[in-house]
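1. here you go, sequence then predicted model.
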Amino acid sequence: MSQTITAPHAAEPTAPEPVVKIEGITKGFPDRKKGFQPIVGLTDVDIQEGEFITIIGPSGCGKSTILKMIAGLESADEGSIRLAGKPIDAPSRELGIVFQQHVLLPWMSARQNVLFALETDPHNTRSKSQLESLADEYLELVNLSHAADRRPAQLSGGMQQRVGIARAFALEPKVMLLDEPLGALDALTRHELQLQLLELCEQQKRTFIMVTHDVDEALLLSDRILVMGTGPRAQIVHDIAVPFSRPRDVENLEQDPKCHELRGFLLNSLTGH
Ligand SMILES: Nc1ncnc2c1ncn2[C@@H]1O[C@H](COP(=O)(O)OP(=O)(O)OP(=O)(O)O)[C@@H](O)[C@H]1O
């Protein structure tokens, strides 16, 4: 007779260590007239490797400030932020950033812009020809191979933003921080790039933390949506798991009643209803 033997004190499976661990952070800024202004209230978040996290919240609540603290560009007043267990106290190549405004070198082509970032990476161990292939690979991933030799002035806003995305992705950071990456684009280009970003994220399986004002963008791309409340001392008021399986399809999402329900909930939380 077969028998199942269970260890008397089998260890509980432990959750993997979060790639980003935010513990008890607060942040404020000095104001010449009003004195110290508290912005971000006590905040704790664990982000697991491979998750796509979106932060949404009312304007001025401190979303970008949180992203800048994770990027090592601002320090928290209290608490700590760790990347794979190590405190983040300065920008690092493990943390890639894409801002709303692409900062490309105007005298270089799209390809040279990506290549320059790779060549000046102090941790680079690849040869020049390997870097050239890598730059081409990432430009292809954002559908820009045909425009690789054009300079920024010869590219549309959406194309320039795609070069910025290719450049940040090509450095293959552990965590990609996106601060309203599509915020400056017209609605059509924005939608196109959302789909491209979705495809890229699903192919790359990296960790993403994005700030956006666009609820539909958050629902399309995220595994979790963190909703911040109003300030001062704004905190995360909802941490929502997005239940849609991947790969995602916009049309299926649009017809899914769960998506409508979540969308309504998010819009209501943003408008304070
Ligand atoms: N370096 C700074 N010095 C002083 N105040 C700052 C600084 N950075 C941000 N702030 C203030 O902190 C508050 C939060 O700014 P932040 O950009 O993080 O908000 P946000 O939620 O990303 O806003 P939005 O949605 O409008 O982009 C704002 O009142 C802003 O003026």
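-> Arrived safely.
2. ok, now which ones touch residue 178?
-> Listed by Cβ atoms under 8 Å, 6 or more residues apart in numbering, the contact partners of residue 178 are 97, 98, 208, 209, 210, 211. C-beta coordinates here come from the backbone N, C-alpha and C atoms, glycine included.
3. with distance to the ligand, secondary structure and neighbour count added, can I get these in a markdown table?
-> Formatted as a markdown table, the contacts of residue 178 follow (distance: Cβ to the nearest ligand atom, whole Å; DSSP: H, G, I helix; E, B strand; the rest coil; neighbours: other Cβ atoms under 10 Å):
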| residue | distance to the ligand | secondary structure | neighbour count |
| --- | --- | --- | --- |
| 97 | 14 | strand | 20 |
| 98 | 15 | strand | 22 |
| 208 | 17 | strand | 23 |
| 209 | 13 | strand | 26 |
| 210 | 12 | strand | 26 |
| 211 | 6 | strand | 25 |
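4. tabulate those residues (CSV), appending distance to residue 180 and pLDDT.
-> Below are the contacts of residue 178 laid out as CSV (distance: Cβ to Cβ, whole Å; pLDDT from 0 to 100):
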residue, distance to residue 180, pLDDT
97, 12, 91
98, 9, 90
208, 13, 95
209, 12, 96
210, 8, 96
211, 6, 96
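5. show me which of those is closest to residue 31.
-> residue 211 (22.4 Å; Cβ to Cβ).
6. just to revisit the earlier point, could you export the contacts of residue 178 as JSON lines, including distance to residue 52?
-> Listed next are those as JSON lines, based on distance: Cβ to Cβ, whole Å:
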{"residue": "97", "distance to residue 52": "16"}
{"residue": "98", "distance to residue 52": "14"}
{"residue": "208", "distance to residue 52": "4"}
{"residue": "209", "distance to residue 52": "8"}
{"residue": "210", "distance to residue 52": "7"}
{"residue": "211", "distance to residue 52": "13"}
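7. wait, which of those residues is closest to residue 175?
-> Using Cβ to Cβ, the contacts of residue 178 come closest to residue 175 at residue 209, 6.5 Å.
8. wait, the closest one sits on residue 70?
-> Yes - using Cβ atoms under 8 Å, residue 209 makes contact with residue 70 at a distance of 6.3 Å.
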